[in-house]
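Asker: okay, structure incoming, though there's no sequence with it:
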C-alpha cells in the first residue's frame, strides 16, 4: 500500500503519520531503523500531557514525547538506529541532547550517526514501512518538504529501499560515528 | 512463578540464588527480557515492586505459595461477595484461615496474635483502583469526601463504550461507523503479539476510511496497557472540525 501525504492538510497529516509510525516502532521495534534527513531536531511526536500513553510509556512523564525520547526508548528496547544527515552543524543541538540522554540511560541498541553530502533516499525506514520524503524537522514540529511525503508499506518497496540504504551504510561504515 | 518448570520461574530462582552483584546482573537482564516477552511493561514502579515484593531477601517457593494462596482466596471472596475487598480488611480475614496460617508458618512467619495480620498486610499489594482513588481525592476540612472513582466519570463521558475487537467479524465496518459518528474509537488488542498490533496500526494509517463523502485516515490518540491487552485509541481529525 502507498499513501500520499499532500495538500493543505499535509502538515498535520505528516505529524499524525510520524506519531503513528514511531508508536508502531515502540510496539515492536525494527531491528534496524533508518532516519535520513537534511537535519534533525527534537520535534514533538506523541502528546502525553493527558496521560494518553501513561501505561505504555510510564517513565516519560506527563508531557509531549519528542523524537529524542522515542529514539532513546527504541534503543533501550534493542533497536539499532542509523541516523544520516546532510547538515551536521544544524543538527548539533539535537545530537548533543541525544548524547546526554543516552549517557544517562544507555540502551542495548547501537546508534550511529553519519554526516554525508548525498543520501540514497530520505525519510524514515523501518522493517515494514518507509515514510519517504524530505520533510524538515524542527523543535516545533515537522514540515513537509517540497515534494509530497509518501508512506510505503508494501514489502517490495520497503525491501528495495532497505537494500539500497543498507548498502549505503556499509559503504560509509568508516565515517559513521557511534553515539553517544 | 508457581510452575517451577516454567522458564520465568527458573530465571527467578537463579536471581534468588545469586550471591554477588556480578552473578545477579546477567540473571536480572534475562529476567527483564522474559518479563518483557511475557507482555509486562517494564516501568520503574513495576521493577521496584518486583524487587521489593517478589524478590526480597530470603524469598522462595514457599513464600510464593503463600502469596498464590492469598490471591486465590482474595479472588474467591471478591467473586462471592461481588465487592472489591481492601487489602487490610482482607489481611485480617485471611489471618483467620487455617490454610493460610499453615502456609505462613512454613515460611517461618510468627502466626501468634496480630503478627500474622501485619505480615499479610505487608505482603499484599493494594488494589490499583484504591491507590488511584487516594491520589484523586482532594482535601476538604468541612466534609468527609468519599474516595473518587474515575470509572464513574468514564461512564458519564461514554469513554468505555464499545472497544472494538479486530478478531470479531465486521470490525472494520464498526470502526468506520464509530469514527464517522463519534470521531473516536478504541481497538482492543488481546494477547501479547506486539508484531500483529504493529501490523494492524500500519494498515490503519495506510488504508483510507470511506465516511460517505470523504476518504480519511484515522490518527492515534493514545495507547494503554491493561495486563495482556492493548487499548489503542483512534480519532478522526476531520470529525472534530
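Answerer: Happy to help now that I have it. This structure is a prediction, so every number in the text was calculated from the model and none was measured.
Asker: got the contact list for residue B:130?
Answerer: Contacts for residue B:130 were tallied using CB atoms under 8 Å, 6 or more residues apart in numbering or on different chains; they are B:84, B:86, B:87, B:147. (C-beta placed from N, C-alpha, C; glycine too.)
Asker: out of these, which are buried?
Answerer: Neighbour counting by 16 or more other CB atoms under 10 Å in any protein chain shown classes residue B:87 among these as buried.
Asker: give me the element residue A:34 is part of.
Answerer: Using DSSP states H and E, residue A:34 sits in strand A:32-37.
Asker: direction included, what does the following helix or strand past that strand pair against?
Answerer: Tracing the chain past strand A:32-37, the next element assigned as helix or strand by DSSP H and E is strand A:44-47. Paired with strand A:44-47 in the same sheet, following DSSP bridges, are strand A:64-66 (antiparallel).
Asker: contacts for the strand it pairs with next, please.
Answerer: So strand A:64-66 is contacted by A:42, A:43, A:44, A:45, A:46, A:47, A:48, A:49, A:53, A:57 (CB under 8 Å, 6+ apart).
Asker: shouldn't the fourth one be in contact with residue A:70?
Answerer: Spelled out, that is residue A:45. Yes - Residue A:45 is within contact range of residue A:70, at 5.8 Å (criterion: CB atoms under 8 Å).
Asker: now for the two: what residues contact both?
Answerer: Common neighbours of residue A:45 and residue A:70 (CB under 8 Å, 6+ apart) are residue A:22.
Asker: got the contact list for residue 117?
Answerer: Because you didn't say which chain, this covers chain A. residue A:86.
Asker: actually, chain B is the one I wanted.
Answerer: Shown in contact with residue B:117 (CB under 8 Å, 6+ apart): B:91, B:92, B:95.
Asker: what's around the last one, how many residues?
Answerer: Yep, that's residue B:95 we're talking about. 20 (other CB atoms under 10 Å in any protein chain shown).
Asker: I'd say it and residue B:110 touch.
Answerer: No - taking contacts as CB under 8 Å, residue B:95 lies outside contact range of residue B:110: 11.5 Å.
Asker: anything in contact with each of these two?
Answerer: The contact lists of residue B:95 and residue B:110 share residue B:116, where a contact means CB under 8 Å, 6+ apart.
Asker: phi, psi of the residue in chain B that chain A sits nearest to?
Answerer: When you check chain B against chain A by CB to the nearest CB, the closest residue turns out to be residue B:222, at 3.2 Å. Main-chain dihedrals, residue B:222, degrees, to the nearest 10: phi -170, psi 160.
Asker: I'd say it and residue A:55 touch.
Answerer: No - counting by CB under 8 Å, residue B:222 stays clear of residue A:55, with 9.4 Å between them.
Asker: what's the local residue count around residue B:193?
Answerer: With neighbours defined by other CB under 10 Å, the count for residue B:193 comes to 15.
Asker: ok, it - contacts?
Answerer: By CB under 8 Å, 6+ apart, no residues touch residue B:193.
Asker: check residue B:99 too.
Answerer: residue B:69.
Asker: checking it next. Helix, strand or coil?
Answerer: helix (DSSP: H, G, I helix; E, B strand; the rest coil).
Asker: quick one: which two of the contacts of strand A:64-66 are the most distant?
Answerer: A:42 and A:53 (17.6 Å; CB to CB).
Asker: now the helices for chain B?
Answerer: All helices of chain B, identified by DSSP state H, fall at B:7-17, B:21-37, B:44-49, B:61-81, B:87-95, B:98-107, B:115-123, B:128-136, B:150-156, B:171-182, B:194-206.
Asker: same question but for chain A, I mixed them up
Answerer: A:10-27, A:67-76, A:92-104, A:155-171.
Asker: remind me what the longest one packs against, helices and strands.
Answerer: When you say that, I think you mean helix A:10-27. strand A:2-5, strand A:44-47, helix A:67-76, strand A:130-132, strand A:141-143, strand A:149-152, helix B:194-206, strand B:219-226 (3 or more CB pairs under 8 Å, 6 or more residues apart in numbering or on different chains; DSSP states H and E).
Asker: and the ones you listed: which comes nearest residue A:99?
Answerer: Of all the helices and strands packed on helix A:10-27, it is helix A:67-76 that lies closest to residue A:99, at 9.8 Å by CB to CB.
Asker: can you give me the angle that closest one makes with helix A:92-104?
Answerer: 40 degrees (axes from the mean of the first three to the mean of the last three CA atoms, to 10 degrees).
Asker: which elements pack onto helix A:67-76?
Answerer: So helix A:67-76, by 3+ CB pairs under 8 Å, 6+ apart, packs with helix A:10-27, strand A:44-47, strand A:80-85, helix A:92-104.
Asker: export the ones you listed to TSV and tack on mean pLDDT and mean neighbour count?
Answerer: Putting the helices and strands packed on helix A:67-76 into TSV (pLDDT from 0 to 100; neighbours: other CB atoms under 10 Å in any protein chain shown) gives the following:
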stretch	mean pLDDT	mean neighbour count
helix A:10-27	92	22
strand A:44-47	92	20
strand A:80-85	92	22
helix A:92-104	90	16
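Asker: could you dump the ones you listed to JSON lines with distance to residue B:175?
Answerer: Listed next are these as JSON lines, based on distance: least, CB to CB, whole Å:
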{"stretch": "helix A:10-27", "distance to residue B:175": "15"}
{"stretch": "strand A:44-47", "distance to residue B:175": "21"}
{"stretch": "strand A:80-85", "distance to residue B:175": "32"}
{"stretch": "helix A:92-104", "distance to residue B:175": "36"}
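Asker: residue B:216: which of these is closest?
Answerer: Closest of those to residue B:216 is helix A:10-27, at 9.7 Å (criterion: CB to CB).
Asker: OK, contacts around residue A:153?
Answerer: A:1, A:2, A:128, A:129, B:202, B:203, B:206.
Asker: how many neighbours does the residue of chain B closest to chain A have?
Answerer: Per other CB under 10 Å, the neighbour tally for residue B:222 reads 21.
Asker: tell me what it is bridged to.
Answerer: Bridge pairing for residue B:222 - DSSP bridges - gives residue B:233.
Asker: show me which residues of chain B sit near chain A.
Answerer: B:41, B:43-45, B:194-195, B:197-199, B:201-208, B:217, B:219-226, B:230, B:233, B:237 (CB under 8 Å from any CB of the partner chain).
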